[in-house]
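Q: got a predicted structure plus its sequence, pasted below:
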Amino acid sequence: MRAERGKPAHGRITIRAAQEADFVYLTFEDDGGGIDREAIRRTLQTSGQLASMGNPSDEDLVGAIFEAGFSTRAQSNALAGRGMGMNIR
C-alpha cells in the first residue's frame, strides 16, 4: 500500500520526549498524510453527528477522532477500524 501512495517501502516514526517540571511530554510523528478532515466529515455526516455540530471548525473535526468508537474506516480488522485508538487514555 505504501508503494501505491509513492512512499518508500519502510515507514518512519519519530518519537520525542521532553521533560518540563514534573511532566514528560511525548510527541509521535510519522510519514503519513496527516489527518483526513474530509473523511472525518463524511463519517460524522453518515452517523448523523454532523448536523448537531452545525458548521464545525477544523478543531471540532480533529477533536472528533478522540471520541470513543470513532473510526473513518468502513470495515474493521484486527489492526484498525474498531474506534479504540485515539480515545484510549
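A: Ah, there it is.

Q: pLDDT averaged over stretch 36-54, what's the number?
A: For stretch 36-54, the per-residue pLDDT values average out at 87.

Q: now it: buried residues?
A: 40-41, 43-44, 50 (16 or more other CB atoms under 10 Å). Where you see a C-beta, it was placed from the backbone N, CA and C, and this is true even at glycine.

Q: let me have the residues you listed in TSV, extended by secondary structure and distance to residue 5.
A: Listed next are the buried residues of stretch 36-54 as TSV, based on DSSP: H, G, I helix; E, B strand; the rest coil; distance: CB to CB, whole Å:
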residue	secondary structure	distance to residue 5
40	helix	19
41	helix	21
43	helix	21
44	helix	25
50	helix	27
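
Q: looking at those residues, which is nearest residue 9?
A: Distance to residue 9 across the buried residues of stretch 36-54 (CB to CB) is lowest for residue 40, with 28.3 Å.

Q: quick check, the closest one in contact with residue 71.
A: No - applying CB atoms under 8 Å as the test, residue 40 and residue 71 come out as separate, 10.2 Å apart.

Q: quick one, strands of the chain?
A: Taking DSSP state E, the strands of the chain run over residues 13-20, 23-30.

Q: to residue 7, which of these lies closest?
A: Set against residue 7 and scored by CB to CB, the strands of the chain come closest in strand 23-30, at 10.6 Å.

Q: and that closest one, what does it pack against?
A: strand 13-20 (3 or more CB pairs under 8 Å, 6 or more residues apart in numbering; DSSP states H and E).

Q: how far off centre is the strand it packs on?
A: 19 Å (CA atoms, centre = their mean, to the nearest Å).

Q: the inter-axis angle of that strand versus strand 23-30?
A: 160 degrees (axes from the mean of the first three to the mean of the last three CA atoms, to 10 degrees).

Q: any chance you could list what contacts strand 13-20?
A: Strand 13-20 has contacts (CB atoms under 8 Å, 6 or more residues apart in numbering) with 24-31.

Q: now the strands of the chain in CSV, with mean neighbour count?
A: Listed next are these as CSV, based on neighbours: other CB atoms under 10 Å:
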stretch, mean neighbour count
strand 13-20, 8
strand 23-30, 9
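
Q: since that was my last question, I'll sign off now.
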